[in-house]
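A.B. asks: I would like to see how this sequence folds:
(chains A and B)
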Amino acid sequence: MLWFILRRCGSAILVLFLSSVLIFLGIRALPGDPATVMAGQEASPAAVEAIRKEFGLDKPLPAQYLDYVGQTLTGNLGRSTQDQLPVIDILAERIPVTLELSALAMLVAIVVGVGAGIVAAVRRGKFADYVATGFGLAGLSVPHFWLGLLGILLFAVTWQVLPASGYVPFTEDPAENLKRMILPAIVLGTGFAAILMRQTRSAMLGALSADYVRTARSKGLPEAKVVGAHALRNSLTTVVTVLGLQLGALISGAVVTEQIFVIPGFGKLTVDAVLTRNYPVIQAVVLVTVIGYVVVNLLVDIAYAFLNPRIRLSGGSHD
Amino acid sequence: MSLLEITDLQVGFDTEDGLVQAVRNISLTLDEGEILALCGESGCGKSVTAMSVPRLLPPGTTRLSGSIRLDGRELTTLPESEMRKVRGKTVSVVFQEPMTSLNPSFTVGYQIAEVLRRHEGLSRQAAAKRAVELLELVGIPAPARRVKEYPHQLSGGMRQRVMIAIAVACSPRVLIADEPTTALDVTIQAGVLDVFRDLRDRLGTAIILITHDLGVVADIADRAVVMYAGRAVEQAPVAELFARPRHPYTLGLMNALPSAAVNGRLAEIPGMVPSPLSDPDQCAFSDRCPYAQADCRASRPPLERQGAGHLAACFHPGGQS
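C.D. replies: Numbering: from 1, shown residues only, chains lettered A, B, ... in the order given. Below is the predicted model of the structure:
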């Protein structure tokens, strides 16, 4: 198991290395010379050269890359062109907000999606199944922004039970924080819940007709154990795969959701940075997103191994 | 009184083509410590008959009538919660497919211990300890190591032994073994049959052995019921059945056995099994029978006594006219 995790970590580091090269080259490939831009239109060639030297832009690309990696590893991501704040400080402020929103949305999605998927599979072809699959289809089809606006209209304007927008840090006032996060979390989690519901349902349908489920029944086990332990355990691999794959959608969903509910998170930061051409921030945002993906996929792989002894014991093949 | 009495059992399934009648008017008994073989070709209803006892047929589409009494208790009308106490405890099952019948996500030790904890109320430790003993009982070497392994780490023969260990864990009165040796190599088959024989001798377990392999029947069974198109066509103690087969279908099955002395093509039974959707009042085997006469197509022959404990449903048993 340890060997398996080490191997997966190794390939994660390789992916991070390759994407850092891509990010680095991507920035260098942008049109225009940063030294000229910084020095200004009227600067003498000597001044431009001085700036180039100061920022190490006169060095060969591999040396520049090493500088970039060194700075990144020591937490120096440059300063925002907007307000001159260190990018690392901005990220430290924004990322926890989005992590909380995503975690809550995922919680909503897992509880609702997996739960409804199990019920739909067990009650296949019955009323509960039609309700669950109907809501699943609706949840998939409804766009985030529309659902968000509808939520604000109903809960904040018409019934006035929840605030329409805004953010209070959890450390300041946990109750108020949750009150403001619940609606965005549901909005962000709905599409996710629908996908999870469909995947869980089909995985459970497969598992429920498997021979080992018949064996479990022949042992006289209660139906809750047959479904909840024997069938579900073998369906979880699918569910975890979907969780991992959909995390990207969660990030892009967070961009929209944070915009609607005016939550100062990572998604809103991304949008603002793109709109103001804030290159250091964009660069950092891309890097953080990549790290997020790699870490999540690493966790998914490790979860697979825990769930499926065949992967764990064969050291990684998906046989 | 017999341990298990099945009377006039009929089982059908709702399908898109209508009701498919898989078992028609089966009556049979099973005594304590008896090994009864249910034989016949695929689709003859032998598995459905046996799976009716622990009620493991799909609940939504199964149409069952008749009586199944175990120790005098009627099983067909038992509430599901009571039935769950019977399954795995009094009646247990060894399924045909050892490769897929064990859950790939749990260790074999867990899967054995589970049934012990459910029915015998054993603690986790006690059940785990008993699981090792059971693996030893079914002849798995190094059982203390094997209990910690997952099904995919075991060979087919070993998995089938694990299935048997699960089935016998609570010393059932009736063990149903559905083609337990079909998926196994011949050398392993003999070992698995020995395990069954041993169980019967030691615990007095009655065994219903579902098989299409007459070699297995001759090897281990005390009595055999031959089924054709959902009905019992012949029933006899095994020695009597092989010495004096009365029904032409049984004869056909025996002639189709590969024999070391005869070279060349196996004798086959010509024709096809009739559709389970229709059931005309005639001998279902008459279209394929070399001895069939007009009366075979005029009405259905009843199961009639042909000797001590020997029943056959044929107007011309043994080919006589």
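A.B. asks: which SS state does residue A:41 fall under?
C.D. replies: Classification of residue A:41 using DSSP: H, G, I helix; E, B strand; the rest coil returns coil.
A.B. asks: how near is it to chain B?
C.D. replies: 67 Å (C-beta to the nearest C-beta, to the nearest Å). Backbone N, C-alpha and C define where each C-beta goes, glycine included.
A.B. asks: and that residue, how far from residue A:170?
C.D. replies: Noted for residue A:41: a distance of 47 Å to residue A:170, by C-beta to C-beta, to the nearest Å.
A.B. asks: so if I had to pick from these two, which one is more boxed in?
C.D. replies: When residue A:41 and residue A:170 are compared on other C-beta atoms under 10 Å in any protein chain shown, the one with more neighbours turns out to be residue A:170, at 15 against 6.
A.B. asks: and the residue in the stretch 1-150 of chain A that chain B sits nearest to, how many neighbours?
C.D. replies: Using C-beta to the nearest C-beta, residue A:125 is the residue of the stretch 1-150 of chain A that sits closest to chain B, at 8.6 Å. Residues near residue A:125, counting by other C-beta under 10 Å, number 9.
A.B. asks: go on, the one 3 residues further on?
C.D. replies: Applying other C-beta under 10 Å, we find 14 other residues in the vicinity of residue A:128.
A.B. asks: I figured it hits residue A:120, correct?
C.D. replies: Yes - using C-beta atoms under 8 Å, residue A:128 is in contact with residue A:120, at 6.6 Å.
A.B. asks: in the stretch 1-150 of chain A, what spans have low per-residue confidence?
C.D. replies: Low-confidence segments of the stretch 1-150 of chain A, defined by pLDDT under 70: A:32-34, A:37-39.
A.B. asks: what segments of it are helices?
C.D. replies: All helices of the stretch 1-150 of chain A, identified by DSSP state H, counting those that start in this stretch, fall at A:2-28, A:34-39, A:45-54, A:61-73, A:87-109, A:115-122, A:127-141, A:144-151.
A.B. asks: now do chain B
C.D. replies: B:46-51, B:80-86, B:108-119, B:124-137, B:143-146, B:156-168, B:186-203, B:214-220, B:238-243, B:248-255, B:294-298 (DSSP state H).
A.B. asks: what's the fifth one packed up against?
C.D. replies: Using 3 or more C-beta pairs under 8 Å, 6 or more residues apart in numbering or on different chains; DSSP states H and E as the contact criterion, the elements in contact with helix B:143-146 are helix B:124-137.
A.B. asks: so what's the gap between the helix it packs on and the chain middle?
C.D. replies: Relative to the mean C-alpha coordinate of its chain, helix B:124-137 is positioned 27 Å out (C-alpha atoms, centre = their mean, to the nearest Å).
A.B. asks: angle of it against helix B:108-119?
C.D. replies: In terms of direction (axes from the mean of the first three to the mean of the last three C-alpha atoms, to 10 degrees), helix B:124-137 departs from helix B:108-119 by 120 degrees.
A.B. asks: tell me what angle helix B:124-137 forms with helix B:186-203.
C.D. replies: Angle of helix B:124-137 versus helix B:186-203, following the same axes, to 10 degrees, is 120 degrees.
A.B. asks: longest helix anywhere in chain A?
C.D. replies: helix A:174-208.
A.B. asks: count the neighbours of residue 149 for me.
C.D. replies: Just so you know, I chose chain A. Per other C-beta under 10 Å, the neighbour tally for residue A:149 reads 13.
A.B. asks: that was the other one, I meant chain B.
C.D. replies: Quick note: residue B:149 (other C-beta under 10 Å) scores 17 neighbours.
A.B. asks: pretty sure residue A:192 is touching residue A:251, no?
C.D. replies: No - using C-beta under 8 Å, residue A:192 is not in contact with residue A:251, being 11.6 Å away.
A.B. asks: compare the two (neighbour count), which wins?
C.D. replies: Neighbour totals were compared for residue A:192 and residue A:251, and residue A:192 leads with 26 against 19 (other C-beta under 10 Å).
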